[in-house]
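Novice: requesting a structural model of the entry that follows:
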Amino acid sequence: LVRRVSGPNGEFLGVIFAAIKESQLLKFHEATRIGPKSVISLIGLDKRIRYRRSHLGLTGIGKSTAKSQSWKLLEKGPTGQFRQRSVVDGTTRIWSFNRFNRYPLIAMVGTAVSDVQASVANSK
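Specialist: Below you'll find the model as predicted:
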C-alpha cells in the first residue's frame, strides 16, 4: 500500500509505503471456513485485484474488477452484498464487501453458490 502524505496546506511531504505479508493473509484465509470454491480478495480503489485466494490458489492478481456490481453498490455505502459470476474463474458467488476507512482497499468474500447448496444438502 502506498499513501501520499500532505502538509497542513495540502503540499506534498512524501509517501508512506506498507507491505502486507502474503503469509498473514494465507493464515487468515485458512482460519476461515467459507467453502472449497469460495474466495477472499483485496481490491484496490483502482478496481484491480491485489490479493485473491481460492481453491485454485493465488489467481487474478492485477486483473480489473471494473465490471463488478460492487462499484455501483459502493456508491451507496461502504458495505454490501450481491450475487455475481466471477470475472476470474466464472463461478457464481454471493459476495460480501467492506471498504476500509483508513486504506484504499476493499475486502471481498465470495461464497460459491455450489458450496452453499452442498452445505444445505449435507445438513438434511
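Novice: so the closest residue to Phe97 other than its chain neighbours is in which element?
Specialist: Excluding the flanking residues, the one nearest Phe97 by CB to CB, 6 or more residues apart in numbering is Met108, at 4.6 Å. Yep, even glycine has a C-beta here, placed from its N, CA and C like the rest. Here Met108 is covered by strand 105-112, with elements defined by DSSP states H and E.
Novice: so which bits of the helix or strand just after that strand are buried?
Specialist: Next helix or strand after strand 105-112 toward the C-terminus (DSSP H and E): helix 113-123. In terms of neighbour count (16 or more other CB atoms under 10 Å), helix 113-123 has its buried residues at 113, 115.
Novice: mind listing what the residue nearest to Phe97 touches?
Specialist: 39-43, 70, 95-97 (CB atoms under 8 Å, 6 or more residues apart in numbering).
Novice: over to Val109?
Specialist: 32, 34, 38-41, 95-97.
Novice: next one: it from Arg4, what distance?
Specialist: 29 Å (CB to CB, to the nearest Å).
Novice: contacts only, for the closest residue to Arg99 other than its chain neighbours.
Specialist: In space, and not counting its chain neighbours, Arg99 is closest to Pro78: 4.1 Å by CB to CB, 6+ apart. Contact partners of Pro78, counting by CB under 8 Å, 6+ apart, are 98-99, 101.
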